[in-house]
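Novice: Sequence and computational prediction follow.
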Amino acid sequence: MLNKLNKALEKVMPLLTPTAVVVGLLCSAWLHSLSFLVSWIFAVMTFAGSIGSNFRDLGKVMKHPLPIIATFLILHIAMPLLGWAAGSLAFPGDDLTQTGFVLLFVIPTGVVSLVWVTIYGGNIALTLALILLDTLLSPFIVPLSLSLIVGAKVHLDVMAMMNGLLWMVVVPSVVGMILNHLTKGQIKKVWGPRLAPFTKIGLFIVVAINSSVVAPHLKEMNAKLIVIIAVAFVCATIGYLAGWLVSRGMKWDQDVTVALTFNSGMRNLSAGAVLAINFFPPPVVLPVIAGMLFQQLLAAMYGHNLNKRYGLKNEPSQAA
């Protein structure tokens, strides 16, 4: 029963997230009040993904750091500079909007990338390492990048960010890897297929709730907002593409290519939106909000393309 449900969900993955975005926008009046559930759902999704990995896998990743270095270069040098350049060209003289585009691309890689990497049979250990390192370094990287590129000054709530990381990523990941080690991988075989459909349902719920939080910022649609959305869409697409091209160019394994594609394109935009709202004027928020609109849609599109290219159809059900 669960296996059939999982296979059915796999077939509609490209439509699952766009539908969730629409549901979130249409039902924002009551869905946004459920935002407190997002962290808990993330934790369950992270646990489900991590039972397929162990400490040995994580150790192997750290011994071969080139994919991590490549992803960091894309995330924190190439993409922020692209965001600044695109913002400067599209909105000359508009310092606040330009700052918004830089902020959109300096935010660390998103926890939800683990879910997509899991679904499409990517390297889970590499993804965990990237998320952990990037989030732990973000209190230093984000303010430094903003200061260097646009001269903005920003203060992050380091303890709140670390606490969120602890319960959303660290604890469920460690528990999952410990159980994998203790059961010698049996937990993945037994519980992986059972948890797989709930991971995808959880993703739908998270995207819908996050979209409902975004909805109030999109009530006044105008020409400037349309341009912001278009520029953010093009730049975000390049992020995913850069991860795929670098991995292909380096001739890394298929699972590494899947991991780099998602981790290079996805950002923790929920944190980015909170940061923008708390520390910057409203115009800075708009590019980040625009990114939230279609981040999951792009992930679904690239996942679909990876699936067609590498024939991953049978892998996600066992990895997720």
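Specialist: Done, it's in. Numbers count the residues shown, from 1 in each chain.
Novice: contacting residues for residue 20?
Specialist: 203-205, 207-208, 211, 296 (C-beta atoms under 8 Å, 6 or more residues apart in numbering). Quick note: C-beta positions are derived from backbone N, CA and C, even for glycine.
Novice: In terms of helices and strands, where is residue 195?
Specialist: When elements are defined using DSSP states H and E, residue 195 is found to belong to helix 186-214.
Novice: Buried residues of that helix, list them for me.
Specialist: Counting neighbours by 16 or more other C-beta atoms under 10 Å, one finds that the buried residues in helix 186-214 are 187-188, 191-193, 195-214.
Novice: Okay, helices next: where are they in the stretch 151-300 of the chain?
Specialist: If you assign secondary structure with DSSP state H, counting those that start in this stretch, the helices in the stretch 151-300 of the chain sit at 158-165, 171-182, 186-214, 223-249, 254-265, 269-279, 282-310.
Novice: which parts of the fourth one are buried?
Specialist: Which is helix 223-249. Residues 228-229, 231-233, 235-236, 238-240, 242-247 are the ones in helix 223-249 that count as buried (16+ other C-beta under 10 Å).
Novice: Packing partners of that helix?
Specialist: If you count contacts as 3 or more C-beta pairs under 8 Å, 6 or more residues apart in numbering; DSSP states H and E, helix 223-249 packs onto helix 66-73, helix 79-90, helix 95-104, helix 254-265, helix 282-310.
Novice: Export these to JSON lines and append columns for mean pLDDT.
Specialist: Output for the helices and strands packed on helix 223-249, formatted as JSON lines (pLDDT from 0 to 100):
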{"stretch": "helix 66-73", "mean pLDDT": "96"}
{"stretch": "helix 79-90", "mean pLDDT": "96"}
{"stretch": "helix 95-104", "mean pLDDT": "91"}
{"stretch": "helix 254-265", "mean pLDDT": "95"}
{"stretch": "helix 282-310", "mean pLDDT": "86"}
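Novice: Make TSV out of these and add mean neighbour count and distance to residue 135.
Specialist: Output for the helices and strands packed on helix 223-249, formatted as TSV (neighbours: other C-beta atoms under 10 Å; distance: least, C-beta to C-beta, whole Å):
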stretch	mean neighbour count	distance to residue 135
helix 66-73	18	12
helix 79-90	20	17
helix 95-104	26	16
helix 254-265	27	12
helix 282-310	21	17
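Novice: and of the ones you listed, who's closest to residue 110?
Specialist: Proximity of these to residue 110 was assessed by C-beta to C-beta; the nearest stretch is helix 282-310, lying at 7.6 Å.
Novice: Please name every helix or strand in contact with that closest one.
Specialist: Using 3+ C-beta pairs under 8 Å, 6+ apart as the contact test, the elements touching helix 282-310 are helix 13-26, helix 95-104, helix 113-119, helix 186-214, helix 223-249, helix 254-265, helix 269-279.
Novice: Low-confidence bits of the stretch 151-300 of the chain, can you list those?
Specialist: Applying pLDDT under 70 to the stretch 151-300 of the chain flags residues 152-159, 161-162, 165, 220-221, 274, 278.
Novice: And residue 198, how close does it get to residue 23?
Specialist: In this view, residue 198 and residue 23 are 18 Å apart by C-beta to C-beta, to the nearest Å.
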